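**Q** Quick check, what structure comes out for this input:
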Amino acid sequence: GIKLHAAIDVTIRRNHIHNCIMGIWLDWEAQGARVTQNLLHDNTRPDYSTPAQGAMFSTDVFVEVGHGPTLIDNNILLSKSSIVIPSEGIGIVHNLIAGSFGLINSGVDSEVNGQREPRYTPYHIRHRTEVAGFMTILHGDDRIYNNIFIQKYPVDEEHKDPVTPDNSVVGTTCFDIFPSYEDWIANFKMEEEPDMGALATYHFGHLPVWVSGNAYLNGATVSKHEKNGFIDSDNTARLEIVEKDGKLFLDTNIYSIINEFDNEIINSDILGKAFEPEQRFENPDGSEIIFNKDYFDKKRGISTIPGPFADAESAKEILF
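**A** Below you'll find the model as predicted:
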């Protein structure tokens with residue numbers, strides 16, 4: 001649907017992307033990019049087809065070998081694979097996610113002369129196009145707040161590994177390989193004199209992740225890092241796109257399941273800075289983002305339900 005290299009401070013907003021091999025592909029240097037208020041579905045290779053050698057996989061959103069900060073917020077992502085991120089520094093906030101994550105801790109190195117070589121990709125001076133440096137991808141440094149995860153499609157027993165792009169398991173347990181911030185920073189013993197040799201392992205280790213306020217339905221998996229999550233194992237969540245008179249709606253019961261569950265309003269200060277470029281998750285002019293508006297720009301209150309809608313009634317409105 002959309003592919004951009006170096007989408008620095010680009011906003012991709014209010015698109016309806018469907019029946020593509022891939023919905024949105026941000027390739028390298030998506031520093032400051034924001035994918036928001038989009039509807040993506042059926043971006044899936046047909047079941048009857050076999051991919052050609054070297055062909056791309058299918059997903060709604062693909063962010064490739066970037067250092068962040070890159071935001072994916074207030075979207076409806078309904079394909080079998082929702083987000084593929086062989087990257088670091090990704091903020092995933094207030095989305096409705098029916099598909100899996102893919103290429104977690106994978107997909108960033110090259111095979112050269114028969115050996116694995118790390119790929120060095122650029123990061124930039126904040127809100128500018130000049131290159132500030134090149135670095136490998138350590139993985140992690142992701143923020144996952146206030147989303148709804150639904151295992152809409154059956155789990156394929158042959159495709160359950162999140163290091164692949166064809167993972168079929170929905171949820172956040174794939175982020176358990178990364179440390180919490182508290183565990184990560186403790187390794188560096190900030191109150192002691194630095195010991196370069198002793199710290200070398202942690203310099204090459206994974207970056208931390210933050211996971212909070214997410215809802216998990218139909219068996220979607222829950223990260224050990226989840227704080228204040230909503231987990232339902234008693235109901236069957238229904239989620240379909242329906243067309244009436246040329247307009248698209250959701251047919252769903254998820255809001256009767258989630259009911260009054262809420263979490264705090266997320267903002268730039270909560271998300272913090274992406275590790276490598278040391279840049280906040282913020283607007284292109286450097287101002288704060290407050291995630292107090294939903295898919296329709298409707299205002300949220302002082303607390304909020306998860307997902308892209310400010311309230312259950314909004315989920316009944318025309319999507320596109």
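
**Q** The residue nearest to Asn263 when sequence neighbours are not counted: neighbouring residues, count only.
**A** Sequence neighbours aside, Gly213 is the residue nearest to Asn263 in space, at 3.0 Å (criterion: CB to CB, 6 or more residues apart in numbering). Where C-beta positions appear, they are placed from N, C-alpha and C, glycine not excepted. Around Gly213 there are 25 other residues, counting by other CB atoms under 10 Å.

**Q** Gly213 touches Ile265, doesn't it?
**A** No: the criterion here is CB atoms under 8 Å, and Gly213 misses it with Ile265 at 10.0 Å.

**Q** Contact partners for the residue nearest to Asn263?
**A** 145-146, 227-229, 263-264, 266, 306 (CB atoms under 8 Å, 6 or more residues apart in numbering).

**Q** ok, Thr252 to Asn263 distance?
**A** 20 Å (CB to CB, to the nearest Å).

**Q** same check, this time on Ala274
**A** To Asn263, Ala274 is 22 Å away according to CB to CB.

**Q** More neighbours: these two, which one.
**A** The residue with more neighbours, out of Ala274 and Asn263, is Ala274; 26 against 20, by other CB under 10 Å.

**Q** Is it correct that the more buried one is in contact with Gly68?
**A** Yes: taking CB under 8 Å as the definition, Ala274 is a contact partner of Gly68 at 3.5 Å.

**Q** quick one: common contacting residues for these two?
**A** Contact criterion CB under 8 Å, 6+ apart; residues shared by Ala274 and Gly68: 31, 88-89, 141, 281.

**Q** For those residues, give me a markdown table that also has secondary structure, pLDDT and distance to Pro162.
**A** A markdown table is the format used below for these (DSSP: H, G, I helix; E, B strand; the rest coil; pLDDT from 0 to 100; distance: CB to CB, whole Å):
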| residue | secondary structure | pLDDT | distance to Pro162 |
| --- | --- | --- | --- |
| Gln31 | coil | 99 | 24 |
| Glu88 | strand | 98 | 15 |
| Gly89 | coil | 98 | 18 |
| Asp141 | coil | 98 | 17 |
| Phe281 | coil | 99 | 23 |
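
**Q** Can you tell me the centre-most residue of the chain?
**A** With distances taken as CA atoms, centre = their mean, Ile92 lies nearest the centre of the chain, 4.1 Å away.

**Q** Pretty sure that residue sits in a helix.
**A** No: using DSSP: H, G, I helix; E, B strand; the rest coil, the assignment for Ile92 is strand, not a helix.

**Q** residues in contact with stretch 291-301?
**A** Residues contacting stretch 291-301 (CB under 8 Å, 6+ apart): 37, 73-76, 93-94, 146, 265-267, 304, 308-311, 314, 317, 319.

**Q** Got a ChimeraX select line for the buried ones in these?
**A** Buried residues within the contacts of stretch 291-301, by 16 or more other CB atoms under 10 Å, are selected in ChimeraX with:
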select :37,73,74,75,76,93,94,146,265,266,304,308,309,310,314,319
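
**Q** Sort out for me which of the contacts of stretch 291-301 are in helices.
**A** Assigned to helices by DSSP state H, none of these qualify.

**Q** Now go through the contacts of stretch 291-301 and say which are in strands.
**A** 73, 76, 93, 304 (DSSP state E).

**Q** List the contacts of the first one.
**A** The contact partners of Asp73, by CB under 8 Å, 6+ apart, come to 34-36, 91-95, 291.

**Q** May I see the residues you listed arranged in JSON lines, with distance to Gly1 and pLDDT as well?
**A** Below are those laid out as JSON lines (distance: CB to CB, whole Å; pLDDT from 0 to 100):
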{"residue": "Arg34", "distance to Gly1": "16", "pLDDT": "99"}
{"residue": "Val35", "distance to Gly1": "11", "pLDDT": "99"}
{"residue": "Thr36", "distance to Gly1": "15", "pLDDT": "99"}
{"residue": "Gly91", "distance to Gly1": "21", "pLDDT": "99"}
{"residue": "Ile92", "distance to Gly1": "19", "pLDDT": "99"}
{"residue": "Val93", "distance to Gly1": "21", "pLDDT": "99"}
{"residue": "His94", "distance to Gly1": "21", "pLDDT": "99"}
{"residue": "Asn95", "distance to Gly1": "17", "pLDDT": "99"}
{"residue": "Phe291", "distance to Gly1": "24", "pLDDT": "98"}
